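# structure, please.
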Amino acid sequence: MWVQAGCMAVSTFLMLQLNSINALLRIYSRMVSCMFLVLSCMACYLFPSVEGGMTQMFFIATYLTLFSSYQDQNSPGITFYGFLCFGLASLASVHVLFLLPVLWVLMMTNLQSLSWRTFLASVIGVALPYLVAFCWGVFQQDLQFIYDHFLPLADLHTPFNLSVLTGSQKISIGVLIVLGTISTIHFWQNSFLDKYRIRMLYGLFIRMDVVVLFLIFLQPQYYDPLMQLAIVNTAPLIAHFFTLSNSRVSNITFIVSCIAILTFTAYNIWMSSPIF
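Below you'll find the predicted structure:
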């Protein structure tokens, strides 16, 4: 479990940097990284997956890099490194490639950094890890692993077949949907208090979160890697709500949410542990 623990530690640090560098919250707070840890611990059954931990880590690195290209259509270097991280994430979990067109659209609408130069840089960045893997396969005289890597993209099952999900998986995604919806509504109602750049970044989180959650329901067999990406996108939204809301209703929501998350965390640990 040391590799998974290392990936979680790096992912948490990257979420902390994502918040600090981009000032996602109007006040000094570590709630973004803390909420990321809380949600990750709630979905503790995802922890044993090395591929999932690496996917999550590189996906956060993609955000951290690409956010630096905000409103800069002449930033092929930053875009290249951002999509290089995305390519590494897809190398760990190939289903991340489903989100590539979405990320291009968000570059155009929210980051406002898409141009023919940045688009070409993104293509090269995504392709570079696969080019290295191809050269390694040629050196080893074995290219079968590349075919095996992309083959799951064609493995599409019956849509919305939620019977393949366990109780723990349904509970965790239910918590994300409920808290994410409440947080999104709160953000829309109070977004005028944030700077325009922050509104665009949170709009990116919201849109990507909707797409990821829809993919989970559309093809539940890909739940594990997509759920880890959903946590990355939902954590800043919930952190924004808990940190910047100060009403009686929001305080009660915070207390109820803490009790519910702790309860579901204990339940998921009990269900996934071989000891019990």
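# tally up the residues packed near the closest residue to Val164 other than its chain neighbours, please.
Spatially, and ignoring its direct neighbours in sequence, Val164 is nearest to Pro220 (5.1 Å; CB to CB, 6 or more residues apart in numbering). For the C-beta atoms, the positions are set from N, CA and C on the backbone; glycine is no exception. Pro220 is flanked by 21 other residues according to other CB atoms under 10 Å.
# any idea which element Ser257 lies in?
According to DSSP states H and E, Ser257 maps onto helix 248-272.
# could you point out which element follows the least confident helix or strand in the chain by mean pLDDT?
Scoring the helices and strands of the chain by mean pLDDT, DSSP states H and E places helix 144-150 at the bottom, with a mean of 84. Counting by DSSP H and E, the element after helix 144-150 in chain order, helix or strand, is helix 167-190.
# quick one: average confidence on that next one?
Mean pLDDT, helix 167-190: 93.
# quick check: which ranges of the protein have low pLDDT?
Of all residues in the chain, those with pLDDT under 70 make up the ranges 273-276.
# wait, what's in contact with the residue nearest to the spatial centre of the chain?
Centroid-nearest residue in the chain, with CA atoms, centre = their mean: Leu229, separated by 2.7 Å. Leu229 makes contacts with 55-56, 59, 96, 99, 208, 212, as judged by CB atoms under 8 Å, 6 or more residues apart in numbering.
# mind redoing it with 6 Å?
59, 212 (CB atoms under 6 Å, 6 or more residues apart in numbering).
# oh, and call the first residue 828 from now on, that's how I've got it
All set: I'll call the first residue 828, so the last point we hit is now Leu1056.
# now it: how far from Ala1062?
Distance check for Leu1056 against Ala1062: by CB to CB, to the nearest Å, it reads 11 Å.
# just Ser856 next, same as before
Taken as CB to CB, the span from Ser856 to Ala1062 is 13 Å.
# ok, these two, which is more surrounded?
More neighbours surround Ala1062 than the other of Ser856 and Ala1062, with 30 against 16 (other CB under 10 Å).
# what's the angle between the strand or helix carrying that one and helix 1075-1099?
In the assignment (DSSP H and E), Ala1062 maps to helix 1050-1071. On the basis of axes from the mean of the first three to the mean of the last three CA atoms, to 10 degrees, helix 1050-1071 is oriented at 150 degrees to helix 1075-1099.
# distance from the chain centre to helix 1050-1071, please.
Here the centre of helix 1050-1071 is set off from its chain's centre by 7 Å, with CA atoms, centre = their mean, to the nearest Å.
# the helix holding Ser1084 versus helix 994-1017: what angle between them?
160 degrees.
# my guess is Ile887 contacts Leu841. True?
Yes: assessed by CB atoms under 6 Å, Ile887 is found in contact with Leu841 at 4.3 Å.
# okay, Thr993 and Thr1092: tell me how far apart.
Applying CB to CB to Thr993 and Thr1092 gives a distance of 15 Å.
# more crowded one of the two?
More neighbours surround Thr1092 than the other of Thr993 and Thr1092, with 18 against 13 (other CB under 10 Å).
# how about the closest residue in space to that one that isn't next to it in sequence, what does it touch?
Nearest residue to Thr1092, sequence neighbours excluded (CB to CB, 6+ apart): Met869, at 4.6 Å. Residues near Met869 by CB under 6 Å, 6+ apart: 999, 1088, 1091-1092.
# closest to Val965 out of those residues?
Distance to Val965, by CB to CB, is smallest for Ser999 among those, at 41.6 Å.
# what about stretch 851-865, start to end distance?
Using CA to CA, to the nearest Å, the end-to-end distance of stretch 851-865 comes to 18 Å.
# next, the residue of the chain most remote from its centre: phi, psi?
Residue farthest from the centre of the chain, counting by CA atoms, centre = their mean, is Gln968 at 35.1 Å. Torsion angles at Gln968 (phi, psi; degrees, to the nearest 10) stand at phi 60, psi 40.
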